[in-house]
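Fold the following for me, if possible:
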Amino acid sequence: MDELTKKETALIQALYTRHGRKKYPYCIVEGVRSCSEFFARVPEMALFSVADSAATASAVGACGDVRIVPEKVFEKLSGTVNSQGILIVSKLPEAVAENDINKDDFIIALAEKIPNPS
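Got it, this is the predicted structure:
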């Protein structure tokens with residue numbers, strides 16, 4: 001488990017902006033449930049993940065490059081008000097033709113500017 005670099009911190013902060021999402025071919029997956037599903041289905045798409053503790057990282061099955069940061073640092077990085085302590089910087093999935101989508105396939109949804117997306 002490596003330290004989070006300044007470049008990685010800047011990338012995470014940029015991905016929370018409109019300009020950053022257009023500039024970089026990555027997205028952020030955040031929250032225990034979303035990250036658990038991500039690691040269960042497409043772990044090879046993760047660039048790196050950031051957690052506020054090793055326990056949180058292992059609880060979601062985090063694999064690959066995991067950065068453990070103090071809770072205060074994680075709160076500054078997180079895009080949510082009440083963070084769950086885990087986020088993944090992932091490659092963007094490639095587009096699929098509408099008729100190629102199977103109902104059992106994994107779908108990534110973006111909930112932005114919604115007070116309670118659950």
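
in the chain, what secondary structure element scores lowest on mean pLDDT?
None of the helices or strands of the chain scores lower by mean pLDDT, DSSP states H and E than helix 54-59, at a mean of 86.

could you say what helices and strands it packs with?
helix 32-41, strand 66-68 (3 or more CB pairs under 8 Å, 6 or more residues apart in numbering; DSSP states H and E). To be clear about C-beta, it is placed using only N, CA and C from the backbone, and glycine gets the same treatment.

where does this structure have low pLDDT?
Within the chain, the segments meeting pLDDT under 70 span 1, 95-118.

can you give me the strands for this structure?
26-30, 46-51, 66-68, 86-91 (DSSP state E).

CA atoms only for stretch 30-50 - export them in CSV, please.
The C-alpha trace of stretch 30-50 is given here as CSV (Å, rounded to 0.1, in the frame of the first residue of the first chain):
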residue,chain,number,x,y,z
GLU,A,30,-17.3,6.0,-4.4
GLY,A,31,-19.0,4.2,-1.5
VAL,A,32,-18.9,0.8,0.0
ARG,A,33,-21.6,-0.8,-2.1
SER,A,34,-20.5,0.6,-5.4
CYS,A,35,-16.8,-0.3,-4.8
SER,A,36,-17.7,-3.8,-3.6
GLU,A,37,-19.6,-4.4,-6.9
PHE,A,38,-16.8,-2.8,-8.9
PHE,A,39,-14.1,-5.1,-7.4
ALA,A,40,-16.3,-8.1,-7.7
ARG,A,41,-17.0,-7.5,-11.5
VAL,A,42,-14.3,-5.4,-13.1
PRO,A,43,-11.2,-5.0,-10.8
GLU,A,44,-8.9,-4.8,-13.8
MET,A,45,-10.4,-1.3,-14.7
ALA,A,46,-9.2,0.2,-11.4
LEU,A,47,-6.3,2.7,-11.8
PHE,A,48,-6.0,2.9,-8.0
SER,A,49,-8.2,3.1,-4.9
VAL,A,50,-8.1,5.2,-1.8
